[in-house]
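> Build me a model:
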Amino acid sequence: MQWWAGRLLAAVAIGAIPAALAVGLAVHQDQARVVREEATDRHSVTAQLVADVPAGVGITTTRAAVAWNSDGTDHLASAVVPSGQRAGTPVQIWVDDRSRVVTQPAGAGEAVAVALTAALLTVTALPLLCTLAWKGTLRLLDRRRYAGWDEEWQQIEPQWTRRQPS
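Down below sits the predicted model:
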């Protein structure tokens, strides 16, 4: 049983490489779709700060009120802007098709990074899980063997040592 368990777990661990490739490709395709959607749905606009944005030690950006005009409509929202700016300073923000402030669209590099992370997690996690399963299998088999040896010793020990069982 130990031999078969070892072979099965080794095959699963080796299968982590093609599994990681499949996961990486699937995640990349999904993330590439997200990148394309965000690129079509989001665009950059120039807004003006409504109030002064205080500067803080070690703080490079902060959330502040901004105003902009698009399609003849005035908009007011909160966006992440560089700290230490005065009211009226133009800042670049990203908005969607409904003029809601959103984050900058993800780039192709982010899709690759997410896909590589998923592939690395897969190629690492499967062999680790197989190792844990192997150790658990060995522990169970060893407990079974030890119980069998103990039972046999209980039968053989009185004959071998010429003692009477107590």
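> Low-confidence stretches in the chain?
Segments of the chain classed as low confidence (criterion: pLDDT under 70) are 164-166.
> Show me the helices in it, by range?
2-14, 16-41, 108-161 (DSSP state H).
> So which of these is the most surrounded?
Across the helices of the chain, averaging neighbours per residue (mean count of other Cβ atoms under 10 Å) puts helix 16-41 on top, at a mean of 15. Just so you know, the C-beta spots here come from the backbone N, C-alpha and C atoms, and that holds for glycine as well.
> Please name every helix or strand in contact with that helix.
helix 108-161 (3 or more Cβ pairs under 8 Å, 6 or more residues apart in numbering; DSSP states H and E).
> Mind putting the helices of the chain into JSON lines with distance to residue 101?
JSON lines is the format used below for these (distance: least, Cβ to Cβ, whole Å):
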{"stretch": "helix 2-14", "distance to residue 101": "47"}
{"stretch": "helix 16-41", "distance to residue 101": "13"}
{"stretch": "helix 108-161", "distance to residue 101": "20"}
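> for these, which one sits closest to residue 79?
helix 16-41 (16.7 Å; Cβ to Cβ).
> Run the angle between the closest one and helix 108-161 for me.
150 degrees (axes from the mean of the first three to the mean of the last three Cα atoms, to 10 degrees).
> Run the chain-centre distance for helix 16-41.
Chain-centre distance of helix 16-41: 13 Å, with Cα atoms, centre = their mean, to the nearest Å.
> before we move on, what about stretch 59-79?
With Cα atoms, centre = their mean, you get 32 Å for stretch 59-79.
> residues of that stretch that come out buried?
When burial is assessed from 16 or more other Cβ atoms under 10 Å, stretch 59-79 yields the following buried residues: 64-66, 68, 75, 79.
> So of those residues, which two are at opposite extremes in space?
Pairwise over the buried residues of stretch 59-79, using Cβ to Cβ, the maximum falls at 64 and 75, 14.4 Å.
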